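Undergrad: Fold the stuff below for me.
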Amino acid sequence: MTTVRDAAFEVFRRYELTTIFANPGSTEIALLTDLPEDLRFVLALHEGSVVGAATGFAIASGRPALAVLHTTAGLGNATGALATARTNRAPLVVIVGQQDRRHLAFAPFLAGELEGLAGSYPVWSAAPVRAQDVPGAIARAWHEACEHRGPAIVVVPMDDWRAAADDLAMAAPGEVQRPVTSDAAGLGELAELVDTAISPAIVAGAGADSAEAWSALTSLAERLACPVWQEPLGARAGFPQDHQQFAGHLPSGRFGVRDVLAPHDVVLVVGAPAFRHYPYEPGPLVLAGTKLAMVTDDASDALHSPVDLALIAPIAATCRLLAEMVGPRAGAMVVSAARPVPTPPEGRGHRLRAAHVLSELARRIPPDTVLLEEAPSNRPTLHRVIQVRRPLGFLSAAMGGLGFAMPAAVGVRLASPRRPVVAVVGDGSSLYAIQSLWTAAHYGVGVLFVVLSNGRYSVLDQLAKSEGRGVVPWPPFEEIDVAEIALGFGCESVTVEDREGLVAALDKSIPGLREMNRPFVLNVAVAADLEFVP
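TA: Alright, predicted model coming up:
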């Protein structure tokens, strides 16, 4: 059986952490006994000396050094030396032993209260929630130590080392490059990887949402004649979605991502982590034979993404130069397909669905509309029927929490008074920040709020159903009238229940969005969707 310890040793070798400085205790025995011959052990008689020796080694070698400390006493004794390492900008990977995970809940002897013990001196710290996360955490610690020039700490319970190394979560890149200048010399390896790909693809994310990045990324995609996908669960659009090479939104689960990206041998992720998923699905991010590379200006995204090569660099400048460095490919790939636009039922008495409302909205909003979304159960439908055609054309909460879209729409309109602003929210979502309507009304902020009202937390109902759960304890809230609440905050509002009312309300409000100086709340009664695929 391959153990977590075996996998950690492979990480040591990969990142040249083959000299181990330590003053071990009982919580480190499982790691340090019977070491392979290629790993050198160096004993120091106090933890301050352990870190001091590792610091000198890191400074002299120019690369991170590895120190192993013994639970609370070891980390406490070493804190002064860790402060010195931080101030000296010495990159260290520090593994701190912890008591057996299986009885930590009982506060056993030698269990350490380790979080925060070293103060703010570590540049990064982690206490992996599973044994199988340990090797990846050590790899990320190496990158964090390099990036921030200081000690990065990983706390490891003593029983983790013997655990089976199945379903390892290697949440760290293989290689990170930080070009000091935006010239061809700094992009050579990435350019060669992309240029020699047989079937490349691009995944664009929120970090590429600017006019400059859209222009550069469009040039690169056209040069490569490759499809461009939007990152899963992206908070902003990283590529023009009316472009002929836009392929759609990546699924939010690993199964779907693997299927979509399977035909491609190189996938370049731009302005996004690789990848943000929900819910959990087992297995690798991509199939064997697909290499992942990324360009990002956010080091934190790079350092937890299991890509083969990550470039931390300005996105627009890097993509513009990359487009000049790769050779053109014959033919202009056309991958975008016609999007099905459902027609709402005619006449009274036929209940609308979210897809009907969103498709009518898509037909009418101007290309430069800023669309804010907070309707979780309807987000996949929104992406399917509404194209983002300008930078800052789409905005949602990156963390997924509710209460963002309504107040954010007010702020967006205040900052961009000439751009139409539409917020699409569920009725449940609206209640988290519905008081923001008062601000919109009081300050004359012209936003169209489209509230999809199904009288329940539909996404929770659907998730419970998909997991085979029985009766849910949360009740519907059909008695809540969002339009009446909006009136109470000083907003003009209307409730519609059929296509005739929907079309009339949209035709009244949307043509004047650019000049609108009062908020308008369109409360649309919709039937709950029966299925939910994030």
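Undergrad: contacts and neighbour counts: CA atoms only from here.
TA: Will do.
Undergrad: Only C-alpha atoms, please: export the helix or strand of the chain with the lowest mean pLDDT in PDB.
TA: In the chain, no helix or strand scores lower on mean pLDDT, DSSP states H and E than helix 458-466, which sits at a mean of 72. Presented in PDB, the C-alpha positions along helix 458-466 are these (Å, rounded to 0.1, in the frame of the first residue of the first chain):
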ATOM      1  CA  SER A 458     -35.900  25.900  -4.600                       C
ATOM      2  CA  VAL A 459     -32.200  25.000  -4.800                       C
ATOM      3  CA  LEU A 460     -32.300  23.400  -1.400                       C
ATOM      4  CA  ASP A 461     -35.400  21.400  -2.300                       C
ATOM      5  CA  GLN A 462     -33.700  20.200  -5.500                       C
ATOM      6  CA  LEU A 463     -30.400  19.300  -3.800                       C
ATOM      7  CA  ALA A 464     -32.200  17.300  -1.100                       C
ATOM      8  CA  LYS A 465     -34.100  15.500  -3.800                       C
ATOM      9  CA  SER A 466     -31.000  14.700  -5.800                       C
END
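Undergrad: The closest residue to Gly271 other than its chain neighbours and Ser215, how far apart?
TA: Once flanking residues are discounted, Gly271 sits nearest to Gly207: 3.9 Å by Cα to Cα, 6 or more residues apart in numbering. Remark: distance between Gly207 and Ser215 (Cα to Cα, to the nearest Å) = 14 Å.
Undergrad: Neighbour count: these two, which is higher?
TA: Gly207 (22 against 16; other Cα atoms under 10 Å).
Undergrad: list the contacts for the residue positioned nearest the centre of the chain?
TA: Compute the mean C-alpha point of the chain, and by Cα atoms, centre = their mean the closest residue is Arg276, 4.0 Å away. By Cα atoms under 8 Å, 6 or more residues apart in numbering, Arg276 lies in contact with 231-233, 252.
Undergrad: ok, now which ones touch Val228?
TA: 201-204, 221, 239, 245-248 are the contacts of Val228 under Cα under 8 Å, 6+ apart.
Undergrad: And it, how far from Ser219?
TA: 12 Å.
Undergrad: thinking again about what came up before, tell me which strands and helices the least confident helix or strand of the chain is in contact with?
TA: Judged by 3 or more Cα pairs under 8 Å, 6 or more residues apart in numbering; DSSP states H and E, helix 458-466 is in contact with no other helix or strand.
Undergrad: Relative to the whole chain's centre, how far out is it?
TA: In terms of Cα atoms, centre = their mean, to the nearest Å, the centre of helix 458-466 is found 23 Å from the chain centre.
Undergrad: now do stretch 63-80
TA: On Cα atoms, centre = their mean, the centre of stretch 63-80 falls 31 Å from the chain's centre.
Undergrad: thinking again about what came up before, helix/strand/coil for the residue nearest to the centre of the chain?
TA: With DSSP: H, G, I helix; E, B strand; the rest coil as the basis, Arg276 sits in coil.
Undergrad: Between the contacts of Arg276, which sits nearest Phe520?
TA: For the contacts of Arg276, the residue nearest Phe520 by Cα to Cα is Leu233; the value is 27.7 Å.
Undergrad: and the closest one, that one's in a strand?
TA: No. Counting by three-state DSSP, Leu233 falls outside a strand, being coil.
Undergrad: show me the contacts for it.
TA: Here Leu233 is in contact with 252, 276-277, 398 (criterion: Cα under 8 Å, 6+ apart).
Undergrad: Compare these and tell me which has the most neighbours.
TA: Neighbour tally across those (other Cα under 10 Å): the maximum, 22 neighbours, falls on Ser252.
Undergrad: Now that residue. Its backbone dihedrals?
TA: phi -90, psi -10 (degrees, to the nearest 10).
Undergrad: Now do it against Glu373, distance only.
TA: The separation that Ser252 has from Glu373, given Cα to Cα, amounts to 17 Å.
Undergrad: thinking again about what came up before, can you lay out the contacts of Val228 as a markdown table showing secondary structure and pLDDT?
TA: Conversion of those to a markdown table gives the following (DSSP: H, G, I helix; E, B strand; the rest coil; pLDDT from 0 to 100):
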| residue | secondary structure | pLDDT |
| --- | --- | --- |
| Ala201 | strand | 96 |
| Ile202 | strand | 97 |
| Val203 | strand | 97 |
| Ala204 | strand | 96 |
| Ala221 | helix | 96 |
| Phe239 | coil | 96 |
| Gln245 | coil | 95 |
| Phe246 | strand | 96 |
| Ala247 | strand | 95 |
| Gly248 | strand | 93 |
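Undergrad: Between which two of those residues is the distance greatest?
TA: Across those (Cα to Cα), the longest gap, 14.2 Å, separates Ala221 and Gly248.
Undergrad: More neighbours: these two, which one.
TA: For Ala221 versus Gly248, neighbours defined as other Cα under 10 Å are more numerous around Ala221 (23 against 20).
Undergrad: residues in contact with that one?
TA: 202, 227-228, 245.
Undergrad: Highest neighbour count among those residues?
TA: Val228 (32 neighbours).
Undergrad: Quick check: that residue vs Ala221, distance?
TA: From Val228 over to Ala221 the distance is 7 Å, taken as Cα to Cα.
Undergrad: swap in Ala126?
TA: From Ala126 across to Ala221, the span is 37 Å (Cα to Cα).
Undergrad: before we move on, back to that, wait, isn't the residue nearest to Gly271 in contact with Met294?
TA: No. Using Cα atoms under 8 Å, Gly207 is not in contact with Met294; the gap is 11.7 Å.
Undergrad: Quickly list what's touching both of these two.
TA: 270-271.
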